[in-house]
Structures are given as structure tokens and as C-alpha cells.
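1. Have a look; sequence and predicted model below, questions after that.
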Amino acid sequence: MSTDAIVLLKEDHKQIRKLFRDFRGAGENARKTKEKTVKKILEALTVHTYIENECLYPATRELLPDLSDDVLESYEEHHVADVLCSELAAMSADDERFDAKTTVLIENVLHHIEEEEQEWFPKVRDGLGRKKLQEIGAEMLEMKKKAPRSPAQPGALAKAVDAVLA
């Protein structure tokens with residue numbers, strides 16, 4: 001298994017996209033299936049954003065200051081996803097807004113993934129190089145073991161980001 005940070009994150013993205021397809025393919029009346037799938041989505045996104053926010057983004061800001069604006073935008077996109085995840089975690093699949101809120105989450109995350117993979121990751125790869133990305137990836141793998149598995153309360157991510165940026 002590669003420890004390259006970008007390879008690891010792209011693998012997460014692939015798994016997250018699959019969960020999104022599962023949700024969309026569940027059918028209109030498949031409430032239980034959708035609820036189980038959303039729980040898996042929330043866990044996957046919580047772990048993924050945690051390792052990016054706590055490991056890759058700070059390292060990128062420190063080592064590649066020219067990408068600081070990109071990192072700040074990513075933090076904000078994660079914040080939006082965090083709020084939606086927290087709200088979904090408190091909902092039942094029977095709630096009339098459950099499907100709509102999940103759809104908005106999926107659309108936001110897919111936009112973020114495409115931006116990362118098409119625009120941001122190539123810049124990070126060029127700037128950090130293979131060895132540094134492997135070091136960061138190894139650290140991310142360790143962080144995944146202790147990463148939170150359920151969404152934080154709204155605003156908790158913002159406080160964590162503020163602490164990193166201070």
C-alpha cells in the first residue's frame with residue numbers, strides 16, 4: 001500500500017463516491033438503506049476531513065505558502081460539509097428534508113473533490129515532491145486510527161481550524 005498522501009486521499013475519494021452512488025441508487029422508498037448509507041458517508045467524511053484538516057492542510061500551508069488561499073478555501077468547504085453532516089447525523093431518514101440535505105451534501109463534496117483532484121493536488125505534488133508526500137501520508141495513516149468517526153457539533157470544526165490558523 002502506498003503512503004503517498006495524495007494517493008491515499010484519492011482512494012478515500014473513490015470510496016466516498018461509491019457511497020454517494022449507493023445512496024442515489026437506493027430508490028425513493030428505501031429509507032432504511034438510505035439511512036445506513038448516510039451513516040457510512042458521515043463516518044467516511046468525518047475521518048477524511050479530519051486527516052486533511054489536521055495533517056495535509058497545515059503542512060501545505062507551512063511548506064507551500066503560495067497555496068495558503070487554496071487551503072483556506074478547502075477549510076471553508078470542509079466547514080460547510082461538517083455542518084451538513086452534523087445536521088444529517090441528528091436526522092432520521094423519515095425526515096422530509098433528509099434526502100434533500102443528503103443531496104446538497106453530495107453536490108458540495110463532489111465539487112470539493114473535483115477541485116482538489118483537478119487543480120489542487122497537482123500543485124501540492126509539484127511543490128512537496130514524492131518523499132514529503134510519503135511522510136505526510138504515513139502520518140495520515142496513523143491519524144486515521146484515532147480519527148473521530150462521527151460528525152462534530154456545528155462550529156467545532158471552525159474552532160479547530162481557528163486553532164490551527166492562530
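-> Perfect, thanks for sending it. None of these values were measured; they are calculated from a predicted model.
2. hey, let's count contacts and neighbours off CA atoms from now on
-> OK.
3. By mean pLDDT, flag the weakest helix or strand of the chain.
-> helix 156-165 (a mean of 53; mean pLDDT, DSSP states H and E).
4. can you pull the buried residues of stretch 123-133?
-> 124, 127-128, 133 (16 or more other CA atoms under 10 Å).
5. repeat for stretch 13-23
-> In stretch 13-23, the ones that count as buried by 16+ other CA under 10 Å are 13, 16-17, 19-20, 22-23.
6. Can I get those residues in JSON lines including pLDDT?
-> Formatted as JSON lines, the buried residues of stretch 13-23 follow (pLDDT from 0 to 100):
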{"residue": "13", "pLDDT": "98"}
{"residue": "16", "pLDDT": "98"}
{"residue": "17", "pLDDT": "98"}
{"residue": "19", "pLDDT": "98"}
{"residue": "20", "pLDDT": "97"}
{"residue": "22", "pLDDT": "96"}
{"residue": "23", "pLDDT": "95"}
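7. Closest one to residue 3 out of these, please.
-> residue 13 (15.5 Å; CA to CA).
8. Could you identify the helix or strand that succeeds the strand or helix carrying the closest one?
-> According to DSSP states H and E, residue 13 maps onto helix 5-24. Sequence order places helix 31-51 as the next helix or strand after helix 5-24, per DSSP H and E.
9. since we're on residue 111, how many residues are nearby?
-> 12 (other CA atoms under 10 Å).
10. what angle do the helix or strand where it lies and helix 31-51 make?
-> If you go by DSSP H and E, residue 111 is part of helix 98-115. Going by axes from the mean of the first three to the mean of the last three CA atoms, to 10 degrees, helix 98-115 is angled at 40 degrees with respect to helix 31-51.
11. Grab the most central residue of the protein for me.
-> residue 49 (3.6 Å; CA atoms, centre = their mean).
12. do you know how far it is from residue 36?
-> 20 Å (CA to CA, to the nearest Å).
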